[in-house]
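Visitor: structure of the sequence below:
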Amino acid sequence: MKALLHATSLVLLSLTLVSCGFSLRGSAGSALSPETVFVRSAQENGQLTQALQTSLANAQMQLVQSASQARYIVSVGEEEFSTTTATVNGRARAAQYTLRLSIELALDTQEQNLLAPERLAVERSYFEDTANIAGSTREADILQGEMRQELVNQILNRLRVVTSTQSAGAD
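Guide: The predicted structure is shown next:
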């Protein structure tokens, strides 16, 4: 009886999470229409460019080697990363920092500009633990990686909208 109650509550919990739209980060339906895409980047071997290319491949987009082979051209500007002091402690030292990562993005086809160049930005804040500088530095590195992934997600969302608009216009 106890096992049946446990199984029933587990099923009900699962159904509740699914019905409210809950999904693990990165597991949501990220499929784009299968198109060819070329990534033009100011930092060809940068972490953001590599994360973008990986995400495009995971979304069933075909990456090509030149813009002339691609239906869509994603142009990504140079990463601009800044750190500013958000708050100070009683000793007049920085206690909290604000991290900002931004890029310029444009989406094109061979014939037209689909999305005029625009600046995408992500901000995060973190508290610096003066007793654990190594941990605070690691936290900043982790936040920077998460910020890059969020920018990649913003790019994919814009590309998703553009490709769906283009395919709807072709029908």
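Visitor: what residues does stretch 69-80 touch?
Guide: Stretch 69-80 has contacts (C-beta atoms under 8 Å, 6 or more residues apart in numbering) with 35-43, 46, 48-49, 52, 56, 64, 67, 100-110, 114, 117, 148, 155, 159, 162-163. Where you see a C-beta, it was placed from the backbone N, CA and C, and this is true even at glycine.
Visitor: for stretch 43-51, same thing?
Guide: Residues outside stretch 43-51 that contact it (C-beta under 8 Å, 6+ apart): 39, 41, 76, 78-79, 103, 145, 148-149, 151-152.
Visitor: 6 Å - rerun?
Guide: 41, 78-79, 148, 152 (C-beta atoms under 6 Å, 6 or more residues apart in numbering).
Visitor: quick check: the farthest pair among those residues?
Guide: The span of the contacts of stretch 43-51, defined through C-beta to C-beta, is set by 78 and 152 at 15.5 Å.
Visitor: the two: who's more crowded?
Guide: A direct count of neighbours by other C-beta atoms under 10 Å for residue 78 and residue 152 places residue 152 higher, at 21 against 13.
Visitor: list the contacts of that one.
Guide: By C-beta under 6 Å, 6+ apart, residue 152 lies in contact with 51-52, 55.
Visitor: so where's the longest helix in the protein?
Guide: Ranked by residue count under DSSP state H, the longest helix found in the chain is helix 133-170.
Visitor: average pLDDT across that helix?
Guide: Averaged across helix 133-170, the pLDDT comes to 85.
Visitor: next: stretch 81-94.
Guide: 81.
Visitor: show me what it is in contact with.
Guide: Contacts with stretch 81-94, where a contact means C-beta under 6 Å, 6+ apart, come from 95-101, 125.
Visitor: how many other residues sit next to the closest residue to residue 129 other than its chain neighbours?
Guide: Spatially, and ignoring its direct neighbours in sequence, residue 129 is nearest to residue 136 (5.1 Å; C-beta to C-beta, 6 or more residues apart in numbering). Residues contacting residue 136 under the criterion other C-beta under 10 Å number 16.
Visitor: dihedrals phi and psi, residue 6?
Guide: Note on residue 6: its backbone torsions stand at phi -60, psi -50 [degrees, to the nearest 10].
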